[in-house]
Every structure is written in structure tokens, then in C-alpha cells.
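> after the sequence you'll find the predicted model.
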Amino acid sequence: HLATSLPLSSERDNLRPRIDLIVFIIDIKSKYSLKNVEASLAHVDASFFLGKVCFLVTGVGRVNYCSIETNAIWKLRDIYCSPMLYCELELEGIRVATAQRLLRMLQICAGHIPGVSALSFGSLMRSSEDE
């Protein structure tokens, strides 16, 4: 399910499926994108930041068109202790690889991969970002 911002409408709450992973998309070319994500973060229960939230930064191949300081994006990652993926959606190979990576993260967060929890996976993602 997609939403442009949070909080989600309470309409049809009883029909909404369980939320296993929240992916915040930040378009590096749009300051509005970052502001929208920052405003939405206040509506996420703190327990989701234990491995069930990630940030997807798009437009990384367009450094000349950046409207957002990379430090602001890294600050979000650090404050919310959540992994960050970078991609260029205009390149099919990278788009497909990113989608596969997000699907794998979703499978882990939903509990479909035995022996791997969302929390341990999130820790692994963060430690690999630090290297």
C-alpha cells in the first residue's frame, strides 16, 4: 500500500492489513520530499524503528541537481537508527535490484525468513553502512 504522507486516514482501519515495513522515499532533488518525510516520522510508533523502517533515497545519480544536503539525510538515518538505501530509479537494473532488496527486507520484517528477525537484520544493515 502506498501513502503520500502520514498519518493514514482512519477510514477503513478495520480493513487495513498489518504493516510490516515502512519505506520512506526521499527524492534528493526535492526539499519538499525531505520535509514530508520529516513530518510523517512523527506519526510512526516508536516500536517500528526497531527494524521495520527504512529510508530509500532516490535521484542519487543526479548530484548536480541536489536540493537536499546529504548530511540532513544521514542525520535521519542516525536519529531513527534505520537503514538507508540509495538508488537511481531511472536506471532499470538499479531499480530492479532495489525492488528485490526491499522485497527481501519485507519478507524478513513480516517473519517469512526463519532465523532472521527485523531487529537483527536492521542491525546488520546499519553496521554495513558504517564500513
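Sure thing, it's come through. Residues are numbered from 1 along each chain as shown.
> the residue nearest to residue 60 when sequence neighbours are not counted: neighbouring residues, count only.
Distances taken as C-beta to C-beta, 6 or more residues apart in numbering put residue 86 closest to residue 60, at 4.7 Å, once the chain neighbours are dropped. Placement of C-beta: from N, CA and C, glycine included. By the measure other C-beta atoms under 10 Å, the count of residues near residue 86 is 16.
> also residue 83?
21.
> now the one 10 residues further on
Residue 93: 8 surrounding residues under other C-beta under 10 Å.
> start the count at 7, not 1, going forward
All set: I'll call the first residue 7, so the last point we hit is now residue 99.
> which element is it on?
Using DSSP states H and E, the element containing residue 99 is helix 98-115.
> which residues touch the nearest residue to residue 83 once chain neighbours are set aside?
Nearest residue to residue 83, sequence neighbours excluded (C-beta to C-beta, 6+ apart): residue 90, at 4.5 Å. Residues counted as contacts of residue 90 (C-beta atoms under 8 Å, 6 or more residues apart in numbering) are 60, 61, 62, 63, 79, 80, 82, 83, 135.
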